[in-house]
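Asks: my questions concern the predicted model and sequence given below.
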Amino acid sequence: MLMNFLLLFSSISIGLTNSNWLVVMLMVEFGLFMVVFMSSNYLSLYSMRSVFKYFFVQSVSGLVLLVSGISVFMLNSPSVCSEIFLLSAILLKLGIFPMYFWVLPVYSESNYMILGVVGFMAKILPLYIYNFYVSLGPSKVMQIMSFFAVSSIAMGAWLGLPAKNYRTFLGASSVAHSGWFILASHSSSILFYFWCYGLSFLLLLMMMQMDHKIMMALNTLALGGLPPFSVFLGKLWVIYSWVENSMPLVVIMMALLFSVVSLFYYLKFSFQMMFSSSNSTFGFISFSLVLNFTSVFFFWM
């Protein structure tokens, strides 16, 4: 297991430090195989089924990304068709609207280790590819992708409202946060936001593995973007960068509106965890303190 993680980390590092398109795509697909190898330690057919779904979706998107990327990045002769296929493959790999159909089925059937890899580590290289593509300066593409990003944030809010369990909730959260990744790429703040998201997401999975109810509740609030937690700081930096670069305010305002809607299910699951704790009095006090502390920040804003 440790060797698989080291190989996955190495593939990501090589991909981030290499400018050759074929090498980058080789590392993307190598990381995909590492996910399959890591899941082989779990003999549950239920868990393996989610990995097969993920492997199929990522393989198809990887093939489309490879072919279209050769035209865009290597031959320097991008056509409208090749750019459409490139962006569609990135949307599919990240699970962004309208290519989010695989996210909830995979998340709802995966164990915590696979969730950590799929929800965090496997997103790094596709985001790196998109960030490099955005740096080439196609403004019309940024406008179209901003629409998909806001739609993904809205869809994440919609999918999370009827969620009954934590895995489904995490899938809806992934769809919403992936939309924020696109907006952060447009405003050159992707590194900070992705780090803030990854910290909260991995800590939440760790607490779920340990079944620590109080810390699960707090990290759920953190993932939802409530102040003063890390994701709130990440979104604040995205907003600042967006305004600083004189980008359309209506986009970021819509993203914030749908993020406020999604706070409903973050708070719902936080309540459930707090009051299912073995120490209900401590849970109630902690939750009250958190709400009071965050309300001061909301008033200050």
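Replies: Structure's in. What do you need?
Asks: count of residues packed around Gly156?
Replies: Look at Gly156: counted by other C-beta atoms under 10 Å, it has 29 neighbours. All C-beta atoms are positioned from the backbone trio N, CA, C, and that covers glycine.
Asks: make that Val67, sorry
Replies: Val67: 14 surrounding residues under other C-beta under 10 Å.
Asks: can you tell me which residues contact it?
Replies: Residues counted as contacts of Val67 (C-beta atoms under 8 Å, 6 or more residues apart in numbering) are Phe85.
Asks: look up how far Phe132 lies from it.
Replies: Distance, Val67 to Phe132, by C-beta to C-beta, to the nearest Å: 17 Å.
Asks: over to Asn219?
Replies: Asn219 is 31 Å from Phe132, by C-beta to C-beta.
Asks: what average pLDDT does stretch 244-257 get?
Replies: In this model, stretch 244-257 has a mean pLDDT of 91.
Asks: buried residues in that stretch?
Replies: Buried residues in stretch 244-257, defined by neighbour count with 16 or more other C-beta atoms under 10 Å: 247, 251-252, 254-255.
Asks: likewise stretch 130-141?
Replies: Result for stretch 130-141 [16+ other C-beta under 10 Å]: buried residues 130-131, 133-134, 138, 141.
Asks: now swap in stretch 56-69 and tell me
Replies: For stretch 56-69, by 16+ other C-beta under 10 Å, it's 57-58, 61-62, 64-66, 68-69.
Asks: quick one: that stretch to chain centroid distance?
Replies: Computed by C-alpha atoms, centre = their mean, to the nearest Å, the chain-centroid distance of stretch 56-69 equals 19 Å.
Asks: per-residue pLDDT, the spatially closest residue to Val103 that is not a sequence neighbour?
Replies: Spatial nearest neighbour of Val103, excluding adjacent residues (C-beta to C-beta, 6 or more residues apart in numbering): Gly95 at 4.1 Å. Gly95 is assigned a pLDDT of 94 by the prediction.
Asks: with the one 4 residues further on instead?
Replies: In this model, Met99 is scored at 93, pLDDT.
Asks: quick one, what contacts it?
Replies: Neighbouring residues of Met99 by C-beta under 8 Å, 6+ apart: 88, 91-92.
Asks: let's see that with 6 Å instead.
Replies: 91-92 (C-beta atoms under 6 Å, 6 or more residues apart in numbering).
Asks: please apply the same query to Met273.
Replies: So Met273 contacts 213, 216-217 (C-beta under 6 Å, 6+ apart).
Asks: quick check, nearest of the residues you listed to Phe101?
Replies: Using C-beta to C-beta, Met216 comes nearest to Phe101 of these, at 27.7 Å.
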